[in-house]
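Novice: What follows is a protein structure lacking sequence information:
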């Protein structure tokens, strides 16, 4: 039996069909069902304008930002297996990643560089969307969601910055959180709330850890879902072609 | 010569209007139907495939990068030992550079808040949506307004010695003013510039200033936030 026949056999089996209802077949109906009947995929439309796939239209910056996010989730979860958010154990864990854990340095490198890449790509995505006028109605709300996602990206990167608990991390967060106290009336209080104290200390590390690994990613996932779903609801990606809007 | 017909021959390749196409090929009609390229593609598999390829290329690049360049790791955090300079992550260095010029409330609170608010309201202003060339209407009035705004901005930036923002401000305002005077033989670049709306100019000003500030904060600032050349050894 050939492999392709085996694949078709599996895809036609009762078990497979109970999960993926679209079934086999290369008609557009099957392809539509594959998207429409999948809880994750149905955020996207079944068809897209051919022009929206041209490299020059988007430079794929949104897709690449999502790619970074996915890489960060995977490497981040693996890093969590080796990391204790406490002083000074957090720093010792960095040293363990360096000298004890197999491919630990690579894991940390990939997480860190992907984080920088994501900040860069999200900024680039925003400017690209602006310069091709894709923020215009009916896409204005999705632009706002995008601005929220930019903020979330920055907060995610910033909270992650403290976790290695080295000099670089400590003083970058100290500089940043000092800016916060310049906010009139509530600045000092906000700073105290975020740091869990008046200085960057063990409480701040724990709070940043929880923000970085749980709270902010969850919020980001919700906004990402809205962001993708709104692309479909707003009539697909803006391509500059005349449509029936 | 006329023959009785009980059908009309027509050509149509619009599958929405004419779902079933029957072509009668007579001697007078060509069998060639002018086909229009279908404007849509299926998300599955075409879009998914492209997205997957894009993400894989990204992953490949990041993996190679991660194999050859190690993430920085300095000594254990020591609250008693302040490094000089203490720098924020690179994407906040533009902000930190602003703090060098302005009091904390202005550089750290008012300006970033204004930037975020400006970004959010972009799609809710009619002027950004119509997006017609800046000089197409009300040329005289716009020259006065743009002139006043530019002079006020330059004076404000000069007062605080923010030359890093002053230079792109003068540059962008200068290019904008250029558009006010009709060119007898506009080239491609000139026509492109003339078609740009106000929002384009403001965003380009913001982008240029942000890049310059971030680059200065990242590469040209040393101990005490003093100006240093990136190649000069500490």
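Specialist: Cool, the structure landed. Only a predicted model underlies this, so the values are computations on that prediction, with no experimental measurement involved.

Novice: Quick check: which ranges of the chain have low pLDDT?
Specialist: Looking at chain A here, since you left the chain open. Confidence mapping of chain A against pLDDT under 70 gives the ranges A:241-245.

Novice: wait, I meant chain B there
Specialist: B:1-38, B:128, B:233-234.

Novice: Let me see the ranges of the strands in chain B.
Specialist: For chain B, the strands defined by DSSP state E occupy B:40-42.

Novice: actually chain A, not the one I typed
Specialist: Going by DSSP E, chain A shows strands at A:47-49.

Novice: Start from the N-terminal end of it and give the helices.
Specialist: Counting by DSSP state H, chain A has helices at residues A:3-12, A:14-19, A:28-36, A:55-58, A:61-80, A:89-99, A:104-131, A:140-162, A:167-180, A:187-195, A:202-210, A:216-233.

Novice: now do chain B
Specialist: So, for chain B - with DSSP H - the helices run B:48-68, B:93-101, B:104, B:111-121, B:126-130, B:139-159, B:163-178, B:188-194, B:198-219.

Novice: Give me the domain ranges for chain A.
Specialist: As assigned by automatic domain parsing, chain A contains the domains A:1-47, A:51-233.

Novice: Go through those domains and name the closest to chain B.
Specialist: Among these, domain A:51-233 comes nearest to chain B, with 3.3 Å by Cβ to the nearest Cβ. Placement of C-beta: from N, CA and C, glycine included.

Novice: How far off centre is that closest one?
Specialist: Between the centre of domain A:51-233 and the centre of its chain there are 8 Å (Cα atoms, centre = their mean, to the nearest Å).

Novice: again with stretch B:94-110
Specialist: Remark: stretch B:94-110 is offset 24 Å from the chain centroid, using Cα atoms, centre = their mean.

Novice: ditto for stretch B:220-233
Specialist: The chain centre lies 30 Å from the centre of stretch B:220-233; the measure is Cα atoms, centre = their mean.

Novice: Pick the most buried one from the helices of chain A.
Specialist: helix A:167-180 (a mean of 22; mean count of other Cβ atoms under 10 Å in any protein chain shown).

Novice: separation between residue B:152 and residue B:51?
Specialist: Distance, residue B:152 to residue B:51, using Cβ to Cβ, to the nearest Å: 47 Å.

Novice: okay, the two: which has more neighbours?
Specialist: For residue B:152 and residue B:51, the more surrounded residue by other Cβ atoms under 10 Å in any protein chain shown is residue B:51, and the numbers stand at 19 against 10.

Novice: The domains of chain A into a markdown table, with extra columns for distance to residue B:61?
Specialist: A markdown table is the format used below for the domains of chain A (distance: least, Cβ to Cβ, whole Å):
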| stretch | distance to residue B:61 |
| --- | --- |
| domain A:1-47 | 25 |
| domain A:51-233 | 8 |
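
Novice: okay if I get those as JSON lines plus distance to chain B?
Specialist: Shown next, in JSON lines, are those (distance: least, Cβ to the nearest Cβ, whole Å):
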{"stretch": "domain A:1-47", "distance to chain B": "4"}
{"stretch": "domain A:51-233", "distance to chain B": "3"}
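
Novice: Return the set of buried residues in stretch B:176-190.
Specialist: Residues of stretch B:176-190 classed as buried by neighbour count (16 or more other Cβ atoms under 10 Å in any protein chain shown): B:176, B:179.

Novice: Distance from that stretch to the middle of the chain?
Specialist: That offset, for stretch B:176-190, works out to 22 Å (Cα atoms, centre = their mean).

Novice: need the contact list for the residue nearest to the spatial centre of chain A.
Specialist: The centroid of chain A falls nearest to residue A:69 when counting by Cα atoms, centre = their mean (3.2 Å). Residue A:69 is in contact with A:118, A:220, A:224, counting by Cβ atoms under 8 Å, 6 or more residues apart in numbering or on different chains.

Novice: ok, now residue A:17?
Specialist: Counted by Cβ under 8 Å, 6+ apart, residue A:17 has contacts A:11, A:23.

Novice: again, but for residue A:144
Specialist: With Cβ under 8 Å, 6+ apart, residue A:144 has these contacts: B:120, B:123.

Novice: how does it look with 10 Å?
Specialist: By Cβ atoms under 10 Å, 6 or more residues apart in numbering or on different chains, residue A:144 lies in contact with A:135, A:230, B:119, B:120, B:121, B:122, B:123, B:124.

Novice: Next: residue A:156.
Specialist: Going by Cβ under 10 Å, 6+ apart, residue A:156 touches A:69, A:72, A:76, A:115, A:118-119, A:211-213, A:215-217, A:219-220.

Novice: do the same with residue B:187
Specialist: Per Cβ under 10 Å, 6+ apart, neighbours of residue B:187: residue B:193.

Novice: Distance check, it against residue B:231.
Specialist: 38 Å.

Novice: How about residue A:103?
Specialist: For residue A:103 relative to residue B:231 (Cβ to Cβ), the value is 34 Å.

Novice: how about the contacts of residue A:144, which pair is most distant?
Specialist: Across those, the longest distance by Cβ to Cβ is 18.0 Å; it joins A:230 and B:121.

Novice: which ones are touching residue B:199?
Specialist: Residue B:199 sits in contact with A:130-131, A:133, A:135, B:122-123, B:125, B:127-131, B:134, where contact means Cβ under 10 Å, 6+ apart.

Novice: hang on, I meant residue A:44
Specialist: Contacts of residue A:44 by Cβ under 10 Å, 6+ apart are A:35-36, A:38, A:228-229, A:231-232, A:236, B:43-44, B:47-48, B:51.

Novice: what would those residues look like in a markdown table with distance to residue A:64?
Specialist: Converted to a markdown table, these look like this (distance: Cβ to Cβ, whole Å):
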| residue | distance to residue A:64 |
| --- | --- |
| A:35 | 21 |
| A:36 | 26 |
| A:38 | 22 |
| A:228 | 14 |
| A:229 | 20 |
| A:231 | 16 |
| A:232 | 20 |
| A:236 | 19 |
| B:43 | 18 |
| B:44 | 20 |
| B:47 | 14 |
| B:48 | 15 |
| B:51 | 9 |
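
Novice: looking at it, residue B:181 is touching residue B:174, isn't it?
Specialist: No - using Cβ atoms under 10 Å, residue B:181 makes no contact with residue B:174, being 12.0 Å away.

Novice: between residue A:103 and residue B:231, who's got more neighbours?
Specialist: Using other Cβ under 10 Å, the more surrounded residue of residue A:103 and residue B:231 is residue A:103, with 11 against 6.

Novice: For the more buried one, grab phi and psi.
Specialist: The phi and psi torsions at residue A:103 (degrees, to the nearest 10) take the values phi 60, psi 20.
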